[in-house]
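>>> Below is the sequence, then the predicted model.
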Amino acid sequence: MRKEIRFLIAIIFLGLLQCTVMQNLKLFGVMPDLLLIGVVLAGVYFSWGWSLLFAAIAGFLKDILSVDNFALNVLIFSLWGYFIPKISRKISIDDIIALPFFIFVVTFINDIIFRFIFLCQGRVISLVIFLKIAIIGSIYNAFMLLIIFRVLNYFKCLPRK
Amino acid sequence: MFKLKKKNLIQIIVLAIAVLAFASFSPALRTPVISIAKIPFNILRFIQREIGGIIFYHHNMVDSQRLRNENNLLRFKLNEVNEIKAENNRLSQLLSLKQKSPYKIIASKVIARSPDNWASVIIIDKGESSGIKKGQGVINYLGLVGRVIEATRSTAKVMLISDPNLGVSAINSRSRQEGLISGTLGGTLIMKYLPRESDINISDTIITSGFTESYPKGIIIGVVMDVGEEFSGLSRYAIIKPAADLSSVEEVLVIIP
């Protein structure tokens, strides 16, 4: 099977896991964002077009399962899907040490974008709660990336760089 | 960092249009995709439950024993309550009081939860075909859980009271002090707009006031953990511990008016 199809199945599976199993693996009430991890891995390991497609699908999955506004995740994930391949061409982020740091930064920026959007909508989330979610979520994502990366490699979902 | 060439600009515009088109279709695709996702959700939930049952065997055994004892005690109490209810009915008939129409309740299982940290939402396995509609209140045997915010044919999304977007009108069961409860995304709720001289103490029980149409009066919301003063000094707030364990709720009851 082609790596792209395998990765697409992996994205759908990550979405299902996010809504079920991950709820039991919360750390201080915060869970990792497996779909965002999938988007980052797609951006680093796949070509620009595939990365964008995977990002849009991941965003779509997240949108239909959450309550947020009209396709917000499709739009934001697509932006990540567009920019990450370009960044990864400029900076080498595909090694196992740089990747968790990169996902930490991406998650933190993603959370800041969401907080900004919520503020514009009048949804006030206290700064303490935001920082808790953003910091713990980013660290948790960095840790989970190492596991997901190994699992995806084991099932040969990622192309060799 | 990036040089914006003409070719790149065209690519960006085409992509932006494609993404926006995809985004505009996504709300229409929600219902069929969630209906399809119900099957894998149920399978994953089953696996999760079975694995949990094996891992927590001893804990479950102790719990089961405790619940059996509690059940026996409750059965005894229920008999007493039934007697009082029958007596109440007889007396009400004597006084020609109008009986309140009882609410219909639909039991449902939680099959999934919101995938992000910014909302407290659960997906349940009953939908419009069972009579569930947007706006209906959701409880469990411990207290208030939330409100239905979206319903498809076979599933429904319920916003939990721990979500900051959900407001519930509530009263203190002891002093009858009114306030508005909303979530904090954490493990507690906040009761706002309490006057400075409000009579509210730690350990007071907070119940629904009945002013919010979705919820009948008297459903337990939680217990006051802390009382503080707003930064402005004009009003007070109370921190409430929800009666229902919202982080691990598995079965819920939807109130059909």
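Looks like it arrived, so ask away.

>>> drop to CA atoms for contacts and neighbour counts, all remaining ones
Fine.

>>> In the longest helix seen in chain A, which residues are buried?
Criterion DSSP state H: the longest helix present in chain A is helix A:127-154. Using 16 or more other CA atoms under 10 Å in any protein chain shown as the test for burial, helix A:127-154 gives A:130, A:132-145, A:148-149, A:152.

>>> ok, now stretch B:221-230?
Using 16+ other CA under 10 Å as the test for burial, stretch B:221-230 gives B:221-225, B:227.

>>> Save the residues you listed as TSV, and put in pLDDT, distance to A:Leu16 and secondary structure too.
TSV is the format used below for these (pLDDT from 0 to 100; distance: CA to CA, whole Å; DSSP: H, G, I helix; E, B strand; the rest coil):
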residue	pLDDT	distance to A:Leu16	secondary structure
B:Ile221	93	31	strand
B:Gly222	93	32	strand
B:Val223	93	34	strand
B:Val224	94	36	strand
B:Met225	93	36	strand
B:Val227	91	40	strand
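
>>> out of those residues, who's near chain A?
Contacts with chain A within these, counted by CA under 8 Å from any CA of the partner chain: none were found.

>>> got a markdown table for those residues, with distance to B:Gly53 too?
Compiled in a markdown table, the buried residues of stretch B:221-230 are given as follows (distance: CA to CA, whole Å):
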| residue | distance to B:Gly53 |
| --- | --- |
| B:Ile221 | 29 |
| B:Gly222 | 29 |
| B:Val223 | 31 |
| B:Val224 | 33 |
| B:Met225 | 33 |
| B:Val227 | 39 |
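
>>> Can you show me the CA trace of stretch B:130-143 as CSV?
In CSV, the C-alpha atoms belonging to stretch B:130-143 read as follows (Å, rounded to 0.1, in the frame of the first residue of the first chain):
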residue,chain,number,x,y,z
SER,B,130,-35.1,9.0,20.0
GLY,B,131,-36.7,12.4,20.5
ILE,B,132,-33.6,14.3,21.4
LYS,B,133,-33.5,17.9,20.2
LYS,B,134,-31.2,20.8,20.6
GLY,B,135,-31.6,22.7,23.9
GLN,B,136,-32.7,19.8,26.1
GLY,B,137,-31.2,19.3,29.5
VAL,B,138,-28.9,16.4,30.3
ILE,B,139,-28.4,14.9,33.8
ASN,B,140,-27.1,11.8,35.4
TYR,B,141,-28.0,10.2,38.7
LEU,B,142,-25.7,12.5,40.6
GLY,B,143,-26.8,15.8,39.1
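
>>> ok, and what's touching that stretch?
By CA atoms under 8 Å, 6 or more residues apart in numbering or on different chains, the residues outside stretch B:130-143 that reach it are B:106, B:126-127, B:144-151, B:154, B:156, B:158, B:214-215, B:219-222, B:242-244, B:251-257.

>>> how close does the residue nearest the centre of chain A sit to A:Ile136?
The structure's chain A has its C-alpha centroid closest to A:Leu36; by CA atoms, centre = their mean the separation is 0.7 Å. Distance, A:Leu36 to A:Ile136, using CA to CA, to the nearest Å: 15 Å.

>>> Show only the entries of the contacts of stretch B:130-143 found in strands.
In this view, the contacts of stretch B:130-143 that belong to strands under DSSP state E are B:106, B:144-151, B:156, B:158, B:220-222, B:242, B:251-256.

>>> Of those residues, grab the buried ones for ChimeraX.
Of these, the buried ones go into a single ChimeraX selection, burial set by 16+ other CA under 10 Å:
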select /B:144,145,146,147,148,149,150,151,156,158,220,221,222,242,252,253,254,255,256
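
>>> re earlier: can you confirm whether the longest helix of chain A lies near chain B?
Yes - applying CA under 8 Å from any CA, one finds helix A:127-154 touching chain B at A:129, A:133.

>>> Get me the contact residues on the stretch 101-250 of chain B for chain A.
B:111-117, B:119, B:121, B:164-165, B:184-187.

>>> Touching stretch A:35-46 from outside, list them.
Here stretch A:35-46 has contacts from A:11, A:14-15, A:18, A:50-52, A:54-55, A:58-59, A:62, A:77, A:80-85, A:88, A:93-94, A:103, A:107, A:141, A:145, A:149, A:158-161, using CA under 8 Å, 6+ apart.

>>> Which of these are buried, as a ChimeraX select command?
To isolate the buried ones among the contacts of stretch A:35-46 in ChimeraX, judged by 16+ other CA under 10 Å, type:
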select /A:11,14,15,18,50,51,52,54,55,58,59,62,77,80,81,82,83,84,85,93,94,103,107,141,145,149,158
